[in-house]
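Novice: Predicted model and sequence below, questions to follow.
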Amino acid sequence: MKVTKAQAQANRTHVVETASELFRERGFDGIGVADLMAAAGFTHGGFYKHFGSKADLMAEATACGIAKTIALSDGVDAPTFVEHYLSRAHRDARATGCTLAALGSDAARQPESVRVALEDGVETLVATLMRSNGASGAADDAQARSRILDALAHAVGALVLSRACPDDSPLADEILAVGREAILESLRPKQAVKAAPRRRNAD
């Protein structure tokens, strides 16, 4: 039976989404094309009907995974984002969690197309978080971008370190807690320091 264009596109999307989860769980080199296609319910031979190479799929799967994080972040304020990002639930959900933490260091050793997909994803995520947190093109947008980038970099780093520890390690939870508190503190509005009233000289 001939596959329609709509079905072919649906099959392709399913492969990309399956790859996105499996790459986050096992790493780019942790699963081959044959096993990946089998997990998606297709034969190995069908792979090259959709993709020129595994690297092409890696780039699309990276973009797909980050897009899901962006969708969940749209309209969410930065403190709420951080609370979820550095939660135990997110830490333990590697396959469905943030692509930046799961594959960021791995992407550095991959073809440029994968790194470009990750870079584009970071830019879009930062822009989404800025928009969700009130940035509006004003002169202080550069400062807002710096704060969001700093918070994101610290959150990703903390999540990576926590996941590197055994699941039952107290340190895994401590890293999440310390990172969460430090980032939330950095995001709190800074109170202006009032100058002490000047003493008047006695007559």
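Specialist: Looks like it came in fine. Residues are numbered from 1 along each chain as shown.

Novice: Got the confidence number for the closest residue in space to Asp74 that isn't next to it in sequence?
Specialist: Nearest non-adjacent residue to Asp74, counting by CB to CB, 6 or more residues apart in numbering: Thr128, 5.5 Å away. Quick note: C-beta positions are derived from backbone N, CA and C, even for glycine. Per-residue confidence (pLDDT) for Thr128: 94.

Novice: Contacts only, for Thr128.
Specialist: Taking CB atoms under 8 Å, 6 or more residues apart in numbering as the criterion, Thr128 is in contact with 70, 73-74.

Novice: pretty sure Val15 contacts Met37?
Specialist: Yes - A contact is recorded between Val15 and Met37 when judged using CB atoms under 8 Å, the distance being 7.0 Å.

Novice: Give me the common contacts of these two.
Specialist: Any residue near both Val15 and Met37 by CB under 8 Å, 6+ apart counts here, and that gives Phe47.

Novice: So these two - more neighbours on which side?
Specialist: Each of Val15 and Met37 has its neighbours counted (other CB atoms under 10 Å); Val15 has more, 23 against 20.

Novice: quick one: which helix or strand includes the more buried one?
Specialist: Under the assignment given by DSSP states H and E, the secondary-structure element containing Val15 is helix 5-26.

Novice: Now do that helix: everything it contacts.
Specialist: Helix 5-26 has contacts (CB under 8 Å, 6+ apart) with 3, 30-31, 36-37, 39-42, 46-47, 49-51, 57-58, 60-62, 64-65, 68, 94-97, 99, 102-103.

Novice: Also stretch 173-186?
Specialist: Under the criterion CB under 8 Å, 6+ apart, residues 79, 82-83, 86-88, 91, 147, 150-151, 154-155, 157-159, 161-162, 165 lie in contact with stretch 173-186.

Novice: Can you select the buried ones among the residues you listed for me in ChimeraX?
Specialist: Once 16 or more other CB atoms under 10 Å is used to decide burial, the buried members of the contacts of stretch 173-186 can be selected in ChimeraX as follows:
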select :82,86,91,147,151,154,155,158,159,162
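
Novice: in stretch 30-44, what's buried?
Specialist: Neighbour-count burial for stretch 30-44 flags 31, 36-37, 40, 42 (criterion: 16+ other CB under 10 Å).

Novice: same deal with stretch 45-54?
Specialist: For stretch 45-54, the buried set under the neighbour-count rule, 16+ other CB under 10 Å, comprises 46-47, 50-51, 54.

Novice: what do you get for stretch 66-81?
Specialist: Using 16+ other CB under 10 Å as the burial criterion, the residues of stretch 66-81 that qualify are 66, 68-70, 73, 76, 78, 81.
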